[in-house]
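# Generate a structure from the sequence data that follows.
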Amino acid sequence: QVQLVDSGGGLVQTGDSLRLSCAASGTRFSDYSVAWFRQAPGKGREFVASINWNDFGTRYTESAKGRFTIARNNAEKTASLQMNSLKPEDTAVYYCAAYSTGRYDSSAHWHYWGQGTQVTVSS
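The predicted model follows:
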């Protein structure tokens, strides 16, 4: 069992940066892959990035490549999403997730979720 707490969201302007954090409790965080998803108003939960539990390999949605960086620190039981060059279309609630048992880009296959943190990018 893992509990996740998301933080770091806020209101920023186009081109600004934000760093989201995900703090985990529980003993098995280092055994789980971690991902960030986001959900804009009226839309489904969208995959943003993921990082493997073992080789720290990463994956990104196309719109995040080159702008976002996912990282994790197993000793501190934390994960982060560094977001640079933010755009208004990045506006959403961002969720940290852990433990996937299927497709990494499908929210249905992730078992543990944070409560979400709001990111708003003004133009």
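# which residues touch Gly44?
Contacts here follow Cβ atoms under 8 Å, 6 or more residues apart in numbering; on that basis Gly44 touches Ser107. Where C-beta positions appear, they are placed from N, C-alpha and C, glycine not excepted.
# Then Gly114?
Residues touching Gly114, when contacts are defined by Cβ under 8 Å, 6+ apart, comprise 4-6, 22, 95-97.
# make it 10 Å
By Cβ atoms under 10 Å, 6 or more residues apart in numbering, Gly114 lies in contact with 3-7, 20-24, 36-37, 79, 94-98.
# Can you give me the separation between Ser50 and His109?
Summarising the geometry, the distance separating Ser50 from His109, computed by Cβ to Cβ, to the nearest Å, is 11 Å.
# Over to Arg103?
5 Å.
# quick one: pLDDT of the nearest residue to Gln39 once chain neighbours are set aside?
Distance criterion Cβ to Cβ, 6 or more residues apart in numbering; nearest residue to Gln39, sequence neighbours excluded, is Arg45 at 4.6 Å. Confidence per residue is given as pLDDT, and for Arg45 that number is 97.
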